[in-house]
Every structure is written in C-alpha cells, then in structure tokens.
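1. Below are the sequence and a predicted model; questions follow.
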Amino acid sequence: MLKKILAVLVVLIAIFAAVAAMQPSEFNVSRETTIAATPADIFPYVNTSRAWESWSPWANIDPNAKFTYEGTEAGVGAITHWTGNMEVGTGTSTITESIANERVKYQLDFVKPMEGTSISEFILVPADGGTKVTWTMSGHNNFVAKAMSLIMNCEKMIGEQFDKGLANLKVLAESAPAAATEADAEVTSADDEEEAEVAPAAEIKGEAATE
C-alpha cells in the first residue's frame, strides 16, 4: 500500500513539474492611470528614490520596513535597499535610465523571499487632462517562479499593488499644485497685511507733516 502511495506521489510530482516547466519563461505586468498634473510635476516622485516611500504600495504593507540609500540623490545611480516582512521581502532598486519628464527605468534585485531580477519602468506621456503614467515590470521566470504561478496569480498580485501605488501617486501629484497655490495665497495675504499696516502709518506721518 505504501509503495502505491509513493508511486502516486511521484507521478503527481512529475506531472506538476512538467506543467510548471511549460509555463511562460518571461513575464510582463503593466498598469496605467491618468493624473491631472504635468509630467514635470510627476517626474520627481518617480525619479528620486527617497520620494518612493511617500506613495509606494509596499510601504503600507509593512510600516516597519527599513530603507537605506546610496549613490546619487535622483536619476541614474540612485540606489535603494529595502528590508521588510515576508510580503515586502529584501532587495535593491537601482535607477538605470532617466529621461527628464518622460521615462525612468530601474533594476530590481530581489533577495528574499525569492531571488530574482526584474526590470521596471515608469513612462510619462502628456494626455488630455494631464499625464498618462504607465508602470511596468518584466523579467525572466525561473522554474520556482513558474511553479509558483500554478499556485497563485502573480500577475494579478503585482498588478493590484501597481494600481494602489499609482492611486497614491495620483493623490500626491494632483494635490501638490493645490498646496503650492495655497502657499502663494498665504504669502500674498501676508504681503497685503504688511501693506495695510504701512499705509495708515504713512497717512499719519502725512497728517503730522501738514499740521
């Protein structure tokens, strides 16, 4: 009986391995949204490593995740190392290409929970009402990744996080001009108050001089 059970298990494992091996060797995930802001308003959020923490969907998954930086502050050579829980994992992100207000490409080197390398990219294209932002990730599926794709929908999981991240980015980029307008309004108001204070003083001096 035991031999039969072992034989069945061996057959099932062989079938699973064969099916896994037949899965696509490459993967590509892409999501997009339109943001009511100019490419110039959006670009700093995706071209500066430290800015990613303000909208990254993975920062919300693990608030205790640690981020460290090296290299340049922004653009090519900006490097981010992260360490988090099992969902966030451990790895490094390096910006490898940066075209102002148009495109940012970066390499993701994952260490945990599974080793691997992927290429991700942000593409900014002017559109009616603002900017169309496309976020993509592509890479090679090793055997482990192929096997995991039979158990979970990795494209769906990554895509959902991209959607959340783009939604966060949309809120930030669209609120930034408003914040700037409010700041300008406060400065203008302060200037008006100063002028109002100076005007009566000047009038009093004028009256004194007349007398």
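-> Happy to help now that I have it.
2. In contact with residue 58, which residues?
-> 65, 82, 84, 87, 88, 161 (CB atoms under 8 Å, 6 or more residues apart in numbering). C-beta coordinates here come from the backbone N, C-alpha and C atoms, glycine included.
3. can you give me phi and psi for residue 119?
-> Backbone torsions for residue 119, taken as degrees, to the nearest 10, come to phi -110, psi 130.
4. Could you give the average pLDDT over the host helix or strand of residue 159?
-> Element membership for residue 159, per DSSP states H and E: helix 154-210. In this model, helix 154-210 has a mean pLDDT of 61.
5. May I have stretch 103-111 as PDB, with CA atoms only?
-> Coordinates of each C-alpha in stretch 103-111 appear next as PDB, following Å, rounded to 0.1, in the frame of the first residue of the first chain:
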ATOM      1  CA  ARG A 103      10.900  57.900 -18.500                       C
ATOM      2  CA  VAL A 104      12.500  56.300 -15.600                       C
ATOM      3  CA  LYS A 105      13.800  52.700 -15.700                       C
ATOM      4  CA  TYR A 106      15.200  50.800 -12.800                       C
ATOM      5  CA  GLN A 107      16.500  47.300 -12.000                       C
ATOM      6  CA  LEU A 108      15.100  45.300  -9.100                       C
ATOM      7  CA  ASP A 109      17.300  42.700  -7.500                       C
ATOM      8  CA  PHE A 110      15.300  40.600  -5.100                       C
ATOM      9  CA  VAL A 111      17.000  38.600  -2.300                       C
END
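6. how about TSV for the contacts of residue 58, with secondary structure, distance to residue 53 and neighbour count added?
-> Putting the contacts of residue 58 into TSV (DSSP: H, G, I helix; E, B strand; the rest coil; distance: CB to CB, whole Å; neighbours: other CB atoms under 10 Å) gives the following:
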residue	secondary structure	distance to residue 53	neighbour count
65	coil	9	19
82	strand	9	21
84	coil	12	19
87	coil	16	12
88	coil	12	20
161	helix	15	20
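7. Let's have these in a markdown table, adding distance to residue 41.
-> A markdown table is the format used below for the contacts of residue 58 (distance: CB to CB, whole Å):
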| residue | distance to residue 41 |
| --- | --- |
| 65 | 27 |
| 82 | 26 |
| 84 | 29 |
| 87 | 31 |
| 88 | 28 |
| 161 | 23 |
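8. Show me the contact partners of the helix or strand where residue 118 lies.
-> Assigned by DSSP H and E, residue 118 belongs to strand 116-127. Residues outside strand 116-127 that contact it (CB under 8 Å, 6+ apart) are 34, 38-39, 42-43, 46, 93, 101-110, 131-140, 142, 145.
9. All set now, cheers.
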